[in-house]
Every structure is written in structure tokens, then in C-alpha cells.
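Undergrad: next one to model:
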Amino acid sequence: MTGEGFVFSEKPIQIERGEGPYLYTDDGTEYLDFGASYAVAALGHAHPRVTAAVQQQVEDLVYVQASYPNSVRTELYEKLGALGPVDDDRALNKVWLCNSGTEANEAAMKFARNATGRSKIVATSRGFHGRTMGALAMTWKDEYKKPFEPLAGGIEFVTYGDRDELEEAVDDETAAVFLEPVQGEGGIYPASTEYLQAARDYTEEAGAALVFDEIQTGVGRTGTLWACEQAGVVPDMLTTAKGIANGLPLGATLCADWIAESKPEHGSTFSGGPVVCAAANATLDTVVEEEIPKHAAAIGEYLKTEIETATKEHDLPIREVRGLGLMLGIEVKHGSNRLLRDLALNEQVLALPAGRTVLRLLPPLTIEEEHADRLVDALTEVMT
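TA: Numbering: from 1, shown residues only. Below is the predicted model:
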């Protein structure tokens, strides 16, 4: 008897190789990747600088646990600390490394409860923070949660974007508020600057931690290194993962001093492995030196404009295009699943869903206008 996977519903496309914004099947068919495996391949596939860094580190040292200092890990601590959002009141220069966005959010939950001595967590409608038992408790959608209940307690949900509800929920029992500056799984909804600033004010007044989940929005995707920078709001913790190591499993929780000084009891066997840290260092260096966020902002605006133009010219069944940078959601008048299938099988373009009526675009941040044009042409073809 042979083994067989059972969690993922596999698609009829066997991917074996990637280069830049393209993926290739076992028979050599080329696909334009506008999903980047949920924003993971931020610099595209097989990026030469990341590949070289990984190859060198594998030769030097594959793994040593984090209680032993290692220069590659220390470099990443320092780099993330220097790149984290900062204002006059706080700098997020204390760093916890893990293996995924879910783990980063689990750590933030623990850190907030430890630092405040409180248990209540405020999360939002349509929010998504992960699938492990703690992060899942903060995730909105019942279909993700019901089979696994009871989950972690002390979670209160409020309507995303409603300042009055948020103000009422945040009190002297609140440990933390968890927000996505742009909701991803929930349908690509950017928060307003006023909402994020209100969250900052309410948590500060209550002595609670503000946590921005930038698992999907971070590392330049929305047009700035961190999405919260566009609102000028600095949280007490920021969680990131996905594109941070361009395909290798790495997550991080960036913390303000008052969180770190509470000395939370936490750990992980594979925290900050040298190989994934090498990949992250190369990724972040490239993002900064090549001004990738600025490029993502420009190409994202171009892509959004071209989709809106095509919608008018061809009367496409599109209600709205929303998002920031290269994190875009196309809300369609009919279900998105058939559209995704037709794009893949008929046009060799891969994209993602964000609910039943939203097509989610999370391409590599290195795409050019020619790739955006191909997406628009393919979308027009399958929708007409």
C-alpha cells in the first residue's frame, strides 16, 4: 500500500519548475502565476539571489537551534528590527522567528496575554489569522472552525471597519486587537486610515496591544514595505510570513519593547533555521535595494486601471476592483470558481479565490506591464 495526501484537493496541473512569474508543468506547459502560491513567491520563482544564498547556507550549516547564536539568524533579527515600522512612541525591533503566519499569530496572542495579564482578544468579521487552534479561534468563517470546536476562548468579534463597535469592545479586559490592514481571505478589503488610527487610539487608552496581521500584506505587496505605513499607524506587534523568504517556510512576530520586556515563555524547535534565514536576508535585501514596493505600487495601479478599462470597453461582469499595490480583488457578478478554472485551463493563467465572488490577484512583485496585459487579455477572453 502506498501513501496518499488527503488534506488538499489537488488540481489537474502538476507543477515541476518555476522561473520568474512563470510555472511549468511536467509536460513543459507554461503558466503565468498570478497567485504566487498565496503571495509566497514575492520575487518570483527561483530568484537567483535567493537561490545562491540558500545553496551557500546549505553547504555551511543546515540547522542549529535558536539558543545557539548564528550569524545568519542574527543578521535577520537586526534586519527586521531595522525595517519594522516605527514612530515616536514605539519601534518594533524585538523579533520572534517561526515557521508560518499561523505560528506568528499564535505567538502574538500569547505575547499579548502575557504582557497585559488579560485574556480577551478582539478580532473582526471576515478576518483570517490561521488554522491552528488559537489563530483559528480569531478567524471569522464558521466553516473553518465548527469541526474543531471548542477552540480557544476569550475571542470577541466586531464588524471590520466599524469604529463604534471597536471602541465599545476594547476595554480594561482586552489583551489585544487583531486586524489585517487589508483583509485577504475575507475578500480584499483595505481598512481606512481612520479605522486603523482609531484602533491605535482605543488600544493605547485601554492598555491593550494592537496587532497588525501583515502575513499577506507585508514585504512590499501593497506598495510599501508594510501596509500599515500607508496609514502612518504603528502597532505593538506585527506578524508577517508568506513572501518573507520567497518560498521557504518562515514567519516572524515583530514586537515593541513593552511586549518583549514581559519575557513570555515560548519556544519552537525550528525557530530561525539558518537556511530559511539566509533566504529571508536575500529576499529583504532585494526588496529594499531594488525598491520592490514602489514597483508593486506602480504595476498594481496599472493593472487595476487596465482591468477597469477592459470592464467598460467589453461590458465585463465585474462589480469592483479593489485593493492596494499587487494585492487586488476582482468582485464578479457570478461565482469565481468557474472563472479561475477557465483562466487556468484555457488561458494558462493561475489566480486565486477570496470567497465565492472574488478573484484574488497576488502575483510576484516583480511582474511587468506585459504580464499585467496578459492577465487582462485572458480575463477579457474568458469573461466574454
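
Undergrad: tell me, what residue is most central in the chain?
TA: In the chain, the centroid-proximal residue (C-alpha atoms, centre = their mean) is Gln216; its distance is 1.1 Å.

Undergrad: check contacts around that one.
TA: By C-beta atoms under 8 Å, 6 or more residues apart in numbering, Gln216 lies in contact with Tyr38, Ala39, Gly101, Glu180, Val182, Gly184, Lys242, Met327, Leu362. Backbone N, C-alpha and C define where each C-beta goes, glycine included.

Undergrad: now do 7 Å
TA: Ala39, Gly184, Lys242, Met327 (C-beta atoms under 7 Å, 6 or more residues apart in numbering).

Undergrad: Val275 too?
TA: Taking C-beta under 7 Å, 6+ apart as the test, what Val275 contacts is Val54, Gln57, Val58, Val62, Leu248.

Undergrad: farthest-separated two in those residues?
TA: Maximum pairwise distance among these (C-beta to C-beta): 12.2 Å, between Val62 and Leu248.

Undergrad: nearest residue to the residue nearest to the centre of the chain in space, please, no chain neighbours.
TA: For Gln216, ignoring the flanking residues on the chain, the nearest one in space by C-beta to C-beta, 6 or more residues apart in numbering is Gly184 at 4.2 Å.

Undergrad: for that neighbour, the count of nearby residues, please.
TA: Using other C-beta atoms under 10 Å, Gly184 has 26 other residues around it.

Undergrad: and the pLDDT for it?
TA: Gly184 is assigned 96 on the pLDDT scale.

Undergrad: and the gap between it and Asp26?
TA: Distance, Gly184 to Asp26, using C-beta to C-beta, to the nearest Å: 30 Å.

Undergrad: what about the strands in the stretch 201-350 of the chain?
TA: When secondary structure is read from DSSP state E, counting those that start in this stretch, the stretch 201-350 of the chain shows strands at 209-213, 237-240, 251-255, 318-324, 327-332, 349-350.

Undergrad: mean confidence (pLDDT) on the longest one, please.
TA: So that's strand 318-324. pLDDT averaged over strand 318-324 gives 97.

Undergrad: that strand pairs with which strands?
TA: strand 327-332 (antiparallel) (DSSP bridges).

Undergrad: also the shortest one?
TA: Partners of strand 349-350 in the sheet, by DSSP bridges, are strand 30-33 (parallel).

Undergrad: return the residues in contact with Ala53.
TA: Ala278, Ala279, Asn281, Ala282.

Undergrad: quick one, phi/psi of it?
TA: With angles defined as degrees, to the nearest 10, Ala53 sits at phi -60, psi -40.

Undergrad: can you give me the distance of it to Gly184?
TA: 27 Å.

Undergrad: picking up where we left off before, nearest to Arg17 among the contacts of Gln216?
TA: Ala39 (20.1 Å).

Undergrad: check contacts around the closest one.
TA: With C-beta under 7 Å, 6+ apart, Ala39 has these contacts: Gln216, Arg221, Lys242, Gly243, Leu362.

Undergrad: what about Leu284, how many residues nearby?
TA: So Leu284, with other C-beta under 10 Å, has 25 neighbours.

Undergrad: now it: how far from Val233?
TA: Distance from Leu284 to Val233, by C-beta to C-beta: 22 Å.

Undergrad: and Gly154, by the same measure?
TA: For Gly154, the distance to Val233 - C-beta to C-beta - is 25 Å.

Undergrad: please identify which of those two sits among more neighbours.
TA: Val233 (23 against 15).

Undergrad: how close does that one get to Arg73?
TA: 29 Å.

Undergrad: swap in Gly251?
TA: Gly251 sits 14 Å away from Arg73, going by C-beta to C-beta.

Undergrad: which of the two has more neighbours?
TA: Taking other C-beta under 10 Å, Gly251 and Arg73 do not tie; Gly251 has more neighbours (27 against 23).

Undergrad: isn't the more buried one right next to Asn105, touching?
TA: No. The pair Gly251 / Asn105 is not scored as a contact, 8.4 Å apart, by C-beta atoms under 7 Å.

Undergrad: mutual contacts of those two, please.
TA: Thr239.

Undergrad: picking up where we left off before, check contacts around the residue nearest to Gln216.
TA: By C-beta under 7 Å, 6+ apart, the contact set of Gly184 is Phe128, Gln216, Ala354.

Undergrad: so which strand or helix has the nearest residue to the last one once chain neighbours are set aside?
TA: The shortest distance from Ala354 to any non-neighbouring residue, by C-beta to C-beta, 6+ apart, is to Arg360 (4.0 Å). Here Arg360 is covered by strand 358-361, with elements defined by DSSP states H and E.

Undergrad: tell me the strands beside that strand, with direction?
TA: Partners of strand 358-361 in its sheet, by DSSP bridges: strand 327-332 (antiparallel), strand 352-353 (antiparallel).

Undergrad: so Val95, which of the three states?
TA: Three-state assignment for Val95 (DSSP: H, G, I helix; E, B strand; the rest coil): strand.

Undergrad: residues in contact with it?
TA: When contacts are counted by C-beta under 7 Å, 6+ apart, Val95 touches Tyr77, Leu80, Gly81, Ala252, Leu254.

Undergrad: quick check, nearest of those to Lys11?
TA: When the contacts of Val95 are compared against Lys11 (criterion: C-beta to C-beta), the nearest one is Ala252, at 29.8 Å.
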